[in-house]
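Asks: Only the shape, not the letters, is given here:
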């Protein structure tokens, strides 16, 4: 039993000694020096090495013109043309350097230059901790690689990750843009940049702001996540998540998207958008709405899909599927809409219906025509099967005008002077100044002119082939009080800008807005590093084996 305990103790002691030996600092080895000396008066405890000095320590090589080697401390002070080399991953050059073999840390100063396979750092002083494979500096530094130049007040380089990290003011200068941030991680091999906190990207094409983002400086692709926007000369793009391709000037935005057109005084909103700057076009969906300023009022146009194309002054808005629009004095619905800013013409296509004041207007084709000089709606054109209906203000009946085509002039956004031509029919509740019902006018003619004030009919004028009369209310049956094709759709009338959306769209909107607010309320943390960044060097193809070598192996 005692022998067993002895052997166990012996082996534990032996293992402890071996572990201590393994963990003990390795000694610095002097591989070459043209001349060596000792001067205990001037440099006590040091071996003085001069000429072609070469030192080896645990995988690094240090060369210089002159060195003081403190053997007891396992420490080197190097002078003149100092270079510290770690494999093929790091080269550190300076006028002066110090290196401790015990703690495996280096200090270099005097035109210090660190070179890695993908970048070169120039600064006054560089510190290198081999234990954690980190380089750091606290003096102004300039980093140069193939694509970019980075300037910062301080920084840190992670050798294994090939990552520069800056926690103070840093600027990346590229031929196409300049990035500024106070917190940036830059991977020198891939050119991937991770921005955190207030950051800007400025170029001739645009200005970008973000507080959390990713930018691939080689491929010119970006993804921005927090309080981000892209600003062009005439357009501002905002969204909770922005994707951007500088090569094609393409951007997409997701959730709480807002695109502001400063020249054409318009705003487009939705929860997903694609913007093609070079083609002057955009596509917006998910509760999409275009808001345009007309006559000091805003026109809201909604469709399941919105497309805006064309350069300044020639912009075209297209809306598809269940289109609805709203303006204080006018609203409507149709299957699709086409609005051209150059011709100031808006076409309501497919089952159009328009409410102007209290009047309901329908027809096969409907055009709203504006005036580019006054930026006001000027006139209305309805082609084929025109039908105007409005409720009698004091009764239960309906004023009706029916004909082939309608041509109307607007005044202050309201229909004022209206001509209805060809095969016109009228049912009109005539009242005196005391608002008493005089009778019901039921007539047909070739043409009718209506003059309206405040959306009520002031006068009616009949032209050519007039046939009709004024009837007492009791002389007409219920069927006689409605023209053929009469359909009152008052319950569909859009009375506010919120009515242009369906319940499902509003529910989606509330959900996405809530998600956006919840995301904004969270503490801002750096973006997670992408797999494409971590695996960048793994994508590089392996060297091909020659046919000769392959045969030799066989």
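Replies: Received it, and whenever you're ready, just let me know what you need. Source: prediction; values computed, not measured.

Asks: wait, what's in contact with the residue most central in space within the chain?
Replies: With distances taken as Cα atoms, centre = their mean, the residue of the chain nearest its centroid is residue 242 (2.4 Å). Counting by Cβ atoms under 8 Å, 6 or more residues apart in numbering, residue 242 makes contact with 210, 222, 223, 224, 225, 228, 229, 230, 251, 252, 253, 254. Every C-beta, even on glycine, is put in place using the N, C-alpha and C of the backbone.

Asks: swap the cut-off to 6 Å and go again
Replies: The neighbours of residue 242, taking Cβ atoms under 6 Å, 6 or more residues apart in numbering as the test, are 224, 228, 253.

Asks: That one: what secondary structure?
Replies: Three-state call for residue 242 (DSSP: H, G, I helix; E, B strand; the rest coil): strand.

Asks: Closest one to residue 80 out of the contacts of residue 242, please.
Replies: Set against residue 80, the nearest of the contacts of residue 242 by Cβ to Cβ is residue 224 (48.0 Å).

Asks: now that closest one: how far from residue 180?
Replies: Residue 224 is 15 Å from residue 180, where distance means Cβ to Cβ, to the nearest Å.

Asks: Please apply the same query to residue 518.
Replies: Going from residue 518 to residue 180 by Cβ to Cβ gives 29 Å.

Asks: between the two, which one's more packed in?
Replies: More neighbours surround residue 180 than the other of residue 518 and residue 180, with 16 against 9 (other Cβ atoms under 10 Å).

Asks: Contacts only, for that one.
Replies: Contacts of residue 180 by Cβ under 6 Å, 6+ apart are 171, 200.

Asks: What residues sit buried inside the helix or strand it falls within?
Replies: Assessed by DSSP states H and E, residue 180 sits inside strand 177-181. Under the neighbour-count criterion of 16 or more other Cβ atoms under 10 Å, strand 177-181 has 177, 179, 180, 181 buried.

Asks: what's the next secondary structure element after it?
Replies: Downstream of strand 177-181, the next assigned helix or strand under DSSP H and E is strand 184-187.

Asks: Parallel or antiparallel, list what pairs with that following strand.
Replies: Strand pairing for strand 184-187, using DSSP bridges, gives strand 163-166 (antiparallel), strand 192-202 (antiparallel).

Asks: Name the residues that touch the last one?
Replies: Contacts to strand 192-202, defined as Cβ under 6 Å, 6+ apart, come from residues 177-186, 208-217, 526-527, 533.

Asks: What average pLDDT does it get?
Replies: The average pLDDT for strand 192-202 rounds to 96.

Asks: Then stretch 326-341?
Replies: Per-residue pLDDT over stretch 326-341 has a mean of 91.

Asks: my read: residue 344 touches residue 375, true?
Replies: No - contact criterion Cβ atoms under 6 Å: residue 344 and residue 375 do not qualify, at 8.7 Å.

Asks: These two - which one has more neighbours?
Replies: residue 344 (19 against 14).

Asks: What does the pLDDT read for the more buried one?
Replies: With respect to pLDDT, residue 344 scores 88.

Asks: Now do the contacts for it.
Replies: For residue 344, the contacting residues are 370, 372, by Cβ under 6 Å, 6+ apart.

Asks: same thing with residue 402?
Replies: Residue 402 makes contact with 387, 425, 483 under the criterion Cβ under 6 Å, 6+ apart.

Asks: do the same with residue 106
Replies: Contact analysis of residue 106 by Cβ under 6 Å, 6+ apart lists 84, 99, 128.

Asks: Make CSV from these and add pLDDT and neighbour count to it.
Replies: Output for these, formatted as CSV (pLDDT from 0 to 100; neighbours: other Cβ atoms under 10 Å):
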residue, pLDDT, neighbour count
84, 96, 26
99, 96, 26
128, 96, 24
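
Asks: mind putting the residues you listed in JSON lines, secondary structure and distance to residue 491 included?
Replies: Formatted as JSON lines, those follow (DSSP: H, G, I helix; E, B strand; the rest coil; distance: Cβ to Cβ, whole Å):
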{"residue": "84", "secondary structure": "strand", "distance to residue 491": "83"}
{"residue": "99", "secondary structure": "strand", "distance to residue 491": "86"}
{"residue": "128", "secondary structure": "strand", "distance to residue 491": "77"}
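
Asks: and which of these is nearest to residue 395?
Replies: Nearest to residue 395 among the contacts of residue 106: residue 128, at 93.5 Å, using Cβ to Cβ.

Asks: Quick one: residues contacting that closest one.
Replies: For residue 128, the contacting residues are 106, 135, taking Cβ under 6 Å, 6+ apart as the criterion.

Asks: partners of it in the sheet?
Replies: For residue 128, the beta-bridge partners are residue 106, residue 135 (DSSP bridges).

Asks: Would you mind giving the strands paired with strand 184-187 as TSV with mean neighbour count and distance to residue 304 added?
Replies: As requested, the strands paired with strand 184-187 are arranged in TSV below (neighbours: other Cβ atoms under 10 Å; distance: least, Cβ to Cβ, whole Å):
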stretch	mean neighbour count	distance to residue 304
strand 163-166	22	44
strand 192-202	21	33
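
Asks: In a markdown table: those strands, plus distance to residue 397.
Replies: A markdown table is the format used below for the strands paired with strand 184-187 (distance: least, Cβ to Cβ, whole Å):
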| stretch | distance to residue 397 |
| --- | --- |
| strand 163-166 | 77 |
| strand 192-202 | 65 |
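
Asks: Out of the ones you listed, the one nearest residue 332 is which?
Replies: Across those, closest to residue 332 is strand 192-202 (Cβ to Cβ), at 42.1 Å.

Asks: Other residues contacting the helix or strand following the closest one?
Replies: As assigned by DSSP H and E, the chain's next helix or strand after strand 192-202 is strand 207-216. Strand 207-216 has contacts (Cβ under 6 Å, 6+ apart) with 192-201, 222-231, 527.

Asks: Pull up the pairing partners for strand 207-216, direction included.
Replies: Using DSSP bridges, the strands paired with strand 207-216 in its sheet are strand 192-202 (antiparallel), strand 221-224 (antiparallel), strand 228-231 (antiparallel).

Asks: quick check, residue 519 in a helix?
Replies: Yes - assessed by three-state DSSP, residue 519 belongs to a helix.

Asks: Against residue 513, how distant is it?
Replies: Distance, residue 519 to residue 513, using Cβ to Cβ: 11 Å.

Asks: Now the common contact residues for those two.
Replies: By Cβ under 6 Å, 6+ apart, no residue touches both residue 519 and residue 513.

Asks: Quick check: which element contains residue 418?
Replies: According to DSSP H and E, residue 418 maps onto strand 414-431.

Asks: again, but for residue 173
Replies: For residue 173, the host element (DSSP H and E) is strand 170-174.

Asks: Can you name every helix or strand that that strand contacts?
Replies: Judged by 3 or more Cβ pairs under 6 Å, 6 or more residues apart in numbering; DSSP states H and E, the packing partners of strand 170-174 are strand 149-152, strand 177-181.

Asks: Residue 88: which of these is closest?
Replies: Closest to residue 88 of these is strand 149-152 (Cβ to Cβ; 22.3 Å).

Asks: List the strands paired with that closest one, with their directions.
Replies: When pairing is defined by DSSP bridges, strand 149-152 lines up against strand 141-144 (antiparallel), strand 170-174 (antiparallel).

Asks: how about it: buried residues?
Replies: Of the residues in strand 149-152, 150, 151, 152 count as buried by neighbour count, 16+ other Cβ under 10 Å.
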